[in-house]
Structure formats: structure tokens, C-alpha cells
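Engineer: Everything below, folded, please.
(chains A and B)
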Amino acid sequence: MTFESIAGLYNYWVVIFLMMTGFYIVLARKNLIKSVIGLNIFQTSVFLLYITMGKVEHGTAPIVPPAIAEQQSHASHGVGENAHAAIEHADEAHEVVHEVAHEVALTVADHGGELAHASTEIIYSNPLPSVLMLTAIVVGIATTALALALVVRIREDYGTVDEELILELDRGE
Amino acid sequence: MNFIVFAILALLAITAVAIAKLRELWAVIMFTGIYSFLSASWMIILDAPDVAFTEAAVGAGISTVLMLSTMALTGKAEEIPRKKSLVPLFVVIVTGATLVYGTLDMPHFGSPDAPVQVYPDPSFVKRSEADMHGLPNVVTALLASYRGYDTLGETTVVLTAGIAVLLILRRNDEKDEPTQLAGNKTP
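Structural biologist: So this is what the prediction gives:
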């Protein structure tokens, strides 16, 4: 176990610690609301696990700076139109002209590609885990709301939210 | 930067243990809000501002409100202290150790050649430049377009959960009303 591997894996270990704390709450605590809170902690640690995986060293948030984004959209529009016009023109004209126009279109496209390449040198962290976790957070709050509604209903019927008292009532003791 | 990360992670761990240890529900719910806020802070450092905003709004906000209203409806029932069983602790330690063993050959934190980073190629950031005509936030592009079906499914889940909550919490007035009416008519 070198220092390097500790520095490279500590994020997973923190997440596992949080996950196991949530798991412990679910297993050990008998109050139903407390169990739901334990599940919530477990869930948040899973979000953190995914998010730490998406991080790239020296990276930044996957948001393209507006200036670069604008420039790129203009560049790609311009290239597209130029190339399109060139190819259309070639269709009408002689075979030789067609070839020349095609070449021009190709070089213009290449140039545009270089432009785009030059401006993406910023390192971005992976946006995919963020998107998955955005969905998961909203689904998580929906299931939490459902669980809490069930707790309220159980309390109405049994008069308690303690798991063992509920089991005793069910057994008719 | 490293110091801030260390402080946040330490506070996260302390908060989680405090939630496990405390018995008074009010305090536990407040700590849950703090826990969500701290995870949102770590997400900001991990370059996921969108998730951090959502976690702060949903985890620290809505979730806390839901828990508090549940507590108001069920009464401030504190946990009954019982004899401690060591079985849950044992299960948790074994599971945790297994998971830690599993991480040993995981790609290191922030490594650019991890499988998550190399697939898909070209990356969504590069693709969205051409596809989205200069939309700055790639997360938005992914959420609404490339993974639009996920978002549709999410909306369905939220709708289903909403309907289920309404059905569960529905008062039983409808059942009582017809009998009452019938009772009124007979005399």
C-alpha cells in the first residue's frame, strides 16, 4: 500500500464509509423515520461515488465558456454553408470545376475542424455521471416522499412508528 | 484546495456518525440537512455544479421539509433505547471491508484514462459542440437531448410517486359519507 494508491483511492473509501453508515442506520435503528434517513444517506453516498468517478485531474466543470461556444457555433455554421454552396455550385458546373470546388470545400471543412480542435483544449470533467445523478436525485426524493407517506399511514393505523412495537401489535401481543 | 476537501470529507464523516448515534429525531433531521449541504459542497469541488445545486435544493431543502412534516404528523416519537446488538455492526464492517477490497484495482481518482472517461469517443463535450450550436452547458445538452428518455422516465416516476402518495394519504371520508347519508335518510 503506497502513498500513491491511498491518494488515488481515498474518495472511494470515504464514499464506502458513508454508505456503510447509512446501511448501519437501516439495520440497527428501529424507528421508521430513522430508517428512511439511513436510506437517504446511503443514496447520497451513491451520488458521490458516481460524481467522483467523473472528475478528471486539472479538469473543470463541463460548461464551455460562452465566448468559445459562440465562436464555435459561428465557425461550424460558416463552414457548413460554404461547403454546401461550393458543392451546389459544382453540380451545375463542369466536371473539373466540381473537383476543384470539392477540394475547396474539404479544405474549408478541415480548417473549421482545426478551429474547433484548438478551442477544446480546456479539459472538462465528464458530464455523463452528473446527468445520471441529476435523474437519480429526483427519483430519490420521489421514493423518499412515498416512504414517508407510508410511515404516516402506518402511524395512523398502529399509533407508533417503532418497528418492534408494530411487529408486536401484528402478533397480537 | 486539498485542505478544503479534507475538511469537507471529515465533516461529512462526522455528520454521518452523528446521525447514526443521535436518538432525538429533530436533531437527526437537521443533521441530514447539513449532510446534504456538505455533499453538495464536495460536488462543487468535483466539477459537478448542476448536481450540487439539485442536491442542495432537493436534499437539503425539500427532503428536510418532508421529514419535518412527517415528524409533525407522527409526533415527536423518540427512539426507545434498547439493548445494543452487535450483529448490525458486524454485518456493516464485513460489507465495508469487502467493498474496500473491491476498490483496490479501481482506476485512481481523477485519472484521465479511466474507462468512464474514454467512452464514448468522441466525448459528449465534443459532440455537443457541433450538435447543439453553441449551448455552453454540456450537462443540459445531455439531460435534454442525448439522454432525453432518462428524463422522460424520471418524470414518469415522479408522477407515479405523486399519485401513490395521494392515494396512501387519502382520508377515508368517501367511505363514511355514503353511510352517513343513508343514516340521515332512514329516520
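Engineer: alpha carbons only for contacts and neighbour counts from here, please
Structural biologist: Will do.
Engineer: Any part of stretch A:33-44 near chain B?
Structural biologist: Yes. Interface with chain B: stretch A:33-44 contributes A:33-34, A:37, A:41, A:44 (Cα under 8 Å from any Cα of the partner chain).
Engineer: Using CSV, please lay out the residues you listed together with distance to B:Ile19 and neighbour count.
Structural biologist: Converted to CSV, those look like this (distance: Cα to Cα, whole Å; neighbours: other Cα atoms under 10 Å in any protein chain shown):
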residue, distance to B:Ile19, neighbour count
A:Ile33, 12, 26
A:Lys34, 9, 26
A:Ile37, 9, 25
A:Ile41, 9, 26
A:Thr44, 14, 24
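Engineer: Residues contacting the strand or helix carrying B:Thr54, please?
Structural biologist: Per DSSP states H and E: B:Thr54 is located in helix B:49-54. The contact list for helix B:49-54, computed with Cα atoms under 8 Å, 6 or more residues apart in numbering or on different chains, reads A:61, A:130-131, A:133-134, A:137, B:39-41, B:43-44, B:139.
Engineer: ok, now with 10 Å
Structural biologist: A:47-48, A:51, A:61-63, A:127, A:129-138, B:36-46, B:55, B:57-61, B:137, B:139-140 (Cα atoms under 10 Å, 6 or more residues apart in numbering or on different chains).
Engineer: In helices, which of these appear?
Structural biologist: Those of the contacts of helix B:49-54 mapping onto helices are A:47-48, A:51, A:127, A:129-138, B:36-45, B:139-140, per DSSP state H.
Engineer: Check the gap between B:Thr155 and B:Ala52 for me.
Structural biologist: Here the distance between B:Thr155 and B:Ala52 works out to 20 Å (Cα to Cα, to the nearest Å).
Engineer: out of the contacts of helix B:49-54, which are buried?
Structural biologist: A:47-48, A:51, A:61-63, A:127, A:129-138, B:36-46, B:55, B:57-60, B:137, B:139-140 (16 or more other Cα atoms under 10 Å in any protein chain shown).
Engineer: Buried residues in stretch B:92-104, which are they?
Structural biologist: Here stretch B:92-104 shows B:92-93, B:96, B:99-100, B:103 as buried, counting by 16+ other Cα under 10 Å.
Engineer: Keeping just the C-alphas, turn that stretch into CSV.
Structural biologist: Output of stretch B:92-104 as CSV, limited to C-alpha atoms (Å, rounded to 0.1, in the frame of the first residue of the first chain):
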residue,chain,number,x,y,z
VAL,B,92,-21.6,-3.4,8.2
ILE,B,93,-17.9,-3.9,8.8
VAL,B,94,-17.7,-7.1,6.7
THR,B,95,-19.6,-5.5,3.8
GLY,B,96,-17.4,-2.4,4.1
ALA,B,97,-14.2,-4.4,4.1
THR,B,98,-15.4,-6.3,1.0
LEU,B,99,-16.2,-3.1,-0.8
VAL,B,100,-12.8,-1.6,0.1
TYR,B,101,-11.1,-4.7,-1.2
GLY,B,102,-13.0,-4.3,-4.4
THR,B,103,-11.7,-0.7,-4.9
LEU,B,104,-8.1,-1.8,-4.8
